[in-house]
Every structure is written in C-alpha cells, then in structure tokens.
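Colleague: Sequence isn't available, so here's the structure alone:
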C-alpha cells in the first residue's frame with residue numbers, strides 16, 4: 001500500500017512539474033493580441049478609400065514574427081511588418097479592399113505568426129454602393 005501511495009505521490013509531483021513547465025514556456029512565447037479582428041466598412045460609395053488598419057500588440061516576452069499574411073482573394077491587398085515586434089510593442093496590418101467592385105463583401109485575412117501554429121483570422125466586410133455617375137450612365141444607355 002505504501003508503494004502505491006508513493007508511486008501516486010511521485011506521479012502527481014512530476015505531472016505538476018510538467019504542467020508548470022508548459023505554462024512557463026507558454027508565457028515566454030510571443031503572444032499577438034488584436035484590438036479587433038473584424039472591421040465593418042459599413043455602406044460606402046464605389047471607388048472610396050478601401051484602406052483599413054488592424055492594430056495588434058505582442059503581449060508575450062519574446063519577439064513576435066509575422067511569417068505571412070494572406071487575403072482570401074485578389075481584391076484585397078495587405079501590408080504587414082517584416083521585422084520582429086518586441087514584447088509589449090504594437091504593430092499593424094494594413095488591408096486595402098478594391099472598392100471599385102460594387103455589392104456586399106466579406107473577406108478574410110489569415111495571419112501566420114511564430115506565436116501559434118494556427119493562423120489568426122481577420123475579417124473585413126461591408127457594402128460598396130454604385131456611384132451616382134455610374135447610375136446616370138446606365139439609365140441613359142436604356
């Protein structure tokens with residue numbers, strides 16, 4: 001009985017040590033936190049400014065590296081920092097949607113970093129209304 005008790009005690013102690021190591025190493029890793037992960041353009045006129053900015057902070061204790069930022073289609077361009085973001089520093093990803101395309105849209109941007117094996121998903125959405133000059137030209141062509 002004593003041997004079983006000692007085995008359980010040693011097993012739980014080593015499990016506690018393993019769990020603590022996992023928690024310590026997670027805290028030591030870079031950690032990205034976005035101010036928001038979704039931007040709603042609302043309803044905007046055709047050919048208006050389609051540029052928006054996602055801001056983030058490295059909440060970890062090691063440098064954060066953005067390894068890739070991928071938009072879901074060619075209608076969305078991205079700009080992102082290539083240099084490491086130091087702990088507690090801020091960074092931003094600029095997204096520019098092609099506002100010459102009318103109608104509603106919902107696009108995703110996947111952000112790959114050294115903080116997690118899973119990409120972070122950012123969303124832009126909204127509606128592009130046709131400009132008045134386009135409506136006038138369409139009506140006069142009838």
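Modeller: Structure received. A quick note: this is a predicted structure, and the numbers were derived from the prediction, not measured. Numbers count the residues shown, from 1 in each chain.
Colleague: What helices and strands are in contact with the helix or strand harbouring residue 128?
Modeller: In this assignment (DSSP states H and E), residue 128 forms part of strand 120-129. Judged by 3 or more CB pairs under 8 Å, 6 or more residues apart in numbering; DSSP states H and E, strand 120-129 is in contact with strand 32-34, strand 38-45, strand 90-97, strand 103-113. Quick note: C-beta positions are derived from backbone N, CA and C, even for glycine.
Colleague: Mind doing that once more with 7 Å?
Modeller: strand 38-45, strand 103-113 (3 or more CB pairs under 7 Å, 6 or more residues apart in numbering; DSSP states H and E).
Colleague: Using TSV, lay out these together with mean neighbour count, distance to residue 70 and mean pLDDT.
Modeller: Formatted as TSV, those follow (neighbours: other CB atoms under 10 Å; distance: least, CB to CB, whole Å; pLDDT from 0 to 100):
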stretch	mean neighbour count	distance to residue 70	mean pLDDT
strand 38-45	13	17	98
strand 103-113	16	5	97
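Colleague: I'd like to know which of those strands is closest to residue 84.
Modeller: When those are compared by CB to CB, strand 103-113 sits nearest residue 84, at 10.4 Å.
Colleague: by contact count, what packs against the closest one?
Modeller: Checked by 3+ CB pairs under 7 Å, 6+ apart, strand 103-113 has strand 66-71, strand 76-79, strand 90-97, strand 120-129 packed alongside it.
Colleague: nearest to residue 113, of the ones you listed?
Modeller: Taking the helices and strands packed on strand 103-113 one by one with CB to CB, strand 66-71 is closest: 5.5 Å.
Colleague: what's the angle from the closest one to strand 120-129?
Modeller: Compare the direction of strand 66-71 with that of strand 120-129 by axes from the mean of the first three to the mean of the last three CA atoms, to 10 degrees and you get 30 degrees.
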